[in-house]
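Peer 1: turn this into a model:
(2 chains)
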Amino acid sequence: MPEIDNNLDSNIDNNDNNLVSIRNLHFSRGHSKVFNGIDIDIPKGKITAIMGPSGTGKTTLLKLIGGQLKPQQGTIHFHGENIPAMKTRKLYEVRKKMGMLFQSGALLTDMTVFDNIAFPMREHTELPEVMIRDLVLMKLQAVGLRGARDLNPSQLSGGMARRVALARAIALDPEMILYDEPFTGQDPISMGALVELIRSMNDALDLTSVIVSHDIQETLAIADKIYIISQGKVVGHGSPQEMNQSDSPWINQFVHGEADGPVPFHYPAHSYKDDMLQGV
Amino acid sequence: MFDWFAQLGKNTIEFYARLGKEVLLFIQTILSFWAVILRPGLIIQQLYSIGVRSMLIIIVSGFFVGMVLGLQGYNTLVDFGAEESLGVIVALSLVRELGPVVTALLYAGRAGSALTAEIGLMKATEQLSGLEMMAVNPVERILAPRLLAGIISMPLLAAMFSAVGIFGGYLVGVDLLGVDEGSYWSQMQAKVDFDKDIVNGVIKSFVFGIVTTWIAVYEGYNCVPTSEGVSRATTRTVVYSALVVLGLDFLLTALML
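Peer 2: Residues are numbered from 1 along each chain as shown, chains lettered A, B, ... in the order given. Alright, predicted model coming up:
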């Protein structure tokens, strides 16, 4: 359990400490509104978790931060520069400072584990092959998979694939890593390994981490700051302790996993009685 | 009634929006060629998987098509006592029409479908998204080398098809049916014009190379990222390529004759 920084909340309005600040973000897909004016601050050097029920657009939020999607309204400042307003070339420059861990790993299937991790280095640096080899082995050692360097991605288990993807995400020593549902579908052992890795990497490499997840216990255990999103709005934010003690019904429902509450169990529909009586 | 008009308008707007997006992506891909040329390794890899690995089917098909041309041509020509012209018939049919067209059709089935499936699956498994987040532009890294390799491969494959076909026609005509060997080759030499016939054939297969590879690459890049989406995109690649090749062939022939 990491130490919890009680001063976090006072940082929210202090832009110097925020690597990313999102203001009044609106995004809709077709007719459905995914985000309806959200504000999020991601403090430098901390682990920020963005949580919420499935389908609230958490992955979409990461894609917006990475510039893969453009919002209809609002700003996303990274190092003080607005990502949605960037030209393609600039955007690709900025992405070198970000790493992203995809839920599926998104490893390139036509190359080995070693080549996958070497890939960003070969694409973006002029380093000699000997040095790339050393760097790749160091990254693999960090995730405990130095021995798996010659395997193909199809030979990896889900947990291993995610660790390889993590090694690749840190290949270029980014300032920030975006984790998309890092704990989903992991067995308890790889889950523990991942939790440990995310925390220790964040501290050892002086990273800023953003975790999108709905695994409450794991996320509460490592996050410094939590945002809960529901139905296009931020419904609560604060430290894990504050979340646990919160009396907001939204946060309570989510943190304690209640089936019904402000987030209804039923998908919006006509009245049950009318539906049943209507016949065919 | 108004619904119908609204739907028509919506479809038209969507069609042009898609077309515009496709043209922009095409221009972007072409502009990325300079970056690809600096990395010949990428092109060579694609030349191998697109071009070299299509050679077998192209050569075998060319051989049989040439043999059939030899048989059919001989049977018709012999009625007029003009079987010495067999070489001309075989060579002109292959170089002008069958070489570029049949090669393009086979290429769409062999390499085009593979390209669409590969890129489509890369999209479905988030690999394209992953590349973007690694600050590697998939247009430069994935689309451009494949398109360039396709454009280079197609005229070479068509040339191979024609060459093997002429040889197949020779085997059937000269060795099997007894056409005079000297006239087979000499009439061919005399009647097949470099500028009019061979260059026209090369221009055709160059255009087919651009069109079929682009359709394959675009369908993959733009597919719905599910297994059904990839399968539909692969089918579309083969169908669209075949239709466009045959349509363009008529157009190009009409323009160049």
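
Peer 1: how about the residues of the stretch 1-150 of chain B near chain A?
Peer 2: Those residues of the stretch 1-150 of chain B that sit near chain A, judged by C-beta under 8 Å from any C-beta of the partner chain, are B:122, B:125-127, B:129-130, B:132-137, B:141. For every residue, glycine as well, the C-beta is placed using N, CA and C.

Peer 1: show me the two of the residues you listed that sit farthest apart.
Peer 2: Maximum pairwise distance among the residues of the stretch 1-150 of chain B next to chain A (C-beta to C-beta): 19.2 Å, between B:125 and B:135.

Peer 1: and the closest residue to residue B:226 other than its chain neighbours, how close does it get to residue B:103?
Peer 2: Closest residue to residue B:226 apart from its sequence neighbours, by C-beta to C-beta, 6 or more residues apart in numbering or on different chains: residue B:124 at 6.4 Å. As judged by C-beta to C-beta, to the nearest Å, residue B:124 and residue B:103 stand 30 Å apart.

Peer 1: please identify which of the two sits among more neighbours.
Peer 2: Remark: of residue B:124 and residue B:103, residue B:103 carries more neighbours, 31 against 17, as counted by other C-beta atoms under 10 Å in any protein chain shown.

Peer 1: pretty sure the more buried one contacts residue B:204?
Peer 2: No. Using C-beta atoms under 8 Å, residue B:103 is not in contact with residue B:204; the gap is 9.8 Å.

Peer 1: mutual contacts of the two, please.
Peer 2: residue B:158 (C-beta atoms under 8 Å, 6 or more residues apart in numbering or on different chains).

Peer 1: quick check on residue A:223: phi, psi?
Peer 2: For residue A:223, the backbone dihedrals (degrees, to the nearest 10) come out as phi -80, psi 150.

Peer 1: the one 4 residues further on too?
Peer 2: Note on residue A:227: backbone dihedrals following degrees, to the nearest 10 are phi -110, psi 140.

Peer 1: who touches it in this structure?
Peer 2: By C-beta under 8 Å, 6+ apart, the contact list for residue A:227 reads A:40, A:48-51, A:234, A:236-237.

Peer 1: again, 10 Å this time
Peer 2: Residue A:227 is in contact with A:22, A:38-42, A:48-52, A:58, A:61, A:210, A:212, A:234-238, A:243, counting by C-beta atoms under 10 Å, 6 or more residues apart in numbering or on different chains.

Peer 1: which non-adjacent residue is nearest it?
Peer 2: residue A:237 (4.5 Å).

Peer 1: near chain B, which residues of the stretch 101-250 of chain A are found?
Peer 2: A:101-110, A:116, A:119-120, A:123-124, A:153, A:165, A:168-169, A:171-172, A:174, A:178, A:180 (C-beta under 10 Å from any C-beta of the partner chain).

Peer 1: please pick the buried ones from the residues you listed.
Peer 2: Using 16 or more other C-beta atoms under 10 Å in any protein chain shown as the burial test, these include A:101-108, A:116, A:119-120, A:123, A:153, A:165, A:168-169, A:171-172, A:174, A:178, A:180 as buried.

Peer 1: before we move on, the earlier item: just the contacts of residue A:227: which are in strands?
Peer 2: Using DSSP state E, the members of the contacts of residue A:227 that fall within strands are A:22, A:38-42, A:48-51, A:210, A:212, A:234-238.

Peer 1: filter the residues you listed down to the buried ones, PyMOL style.
Peer 2: A single PyMOL command selects the buried members of these (16+ other C-beta under 10 Å):
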select buried, chain A and resi 22+38+40+41+42+48+49+50+51+210+212+234+235+236+237+238
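
Peer 1: excluding covalently adjacent residues, which one is nearest to the closest residue to chain B within the stretch 51-200 of chain A?
Peer 2: In the stretch 51-200 of chain A, no residue comes nearer to chain B than residue A:106, which is 3.3 Å away by C-beta to the nearest C-beta. Nearest residue to residue A:106 in three dimensions, chain neighbours excluded: residue B:130, at 3.3 Å (C-beta to C-beta, 6+ apart).

Peer 1: now do the residue nearest the centre of chain B against residue B:166, distance only.
Peer 2: Taking C-alpha atoms, centre = their mean, the centroid of chain B lies closest to residue B:104, which sits 2.8 Å from it. Distance, residue B:104 to residue B:166, by C-beta to C-beta: 19 Å.

Peer 1: kindly report the same for residue A:188.
Peer 2: Distance of residue A:188 to residue B:166, given as C-beta to C-beta: 68 Å.

Peer 1: so which of these two has more stuff around it?
Peer 2: Legend: neighbour count by other C-beta under 10 Å for residue A:188 and residue B:166, higher for residue B:166 (25 against 7).

Peer 1: show me where the stretch 51-200 of chain B has its helices.
Peer 2: Counting by DSSP state H, counting those that start in this stretch, the stretch 51-200 of chain B has helices at residues B:55-77, B:86-92, B:99-107, B:113-124, B:127-133, B:138, B:144-170, B:181-191, B:200-221.
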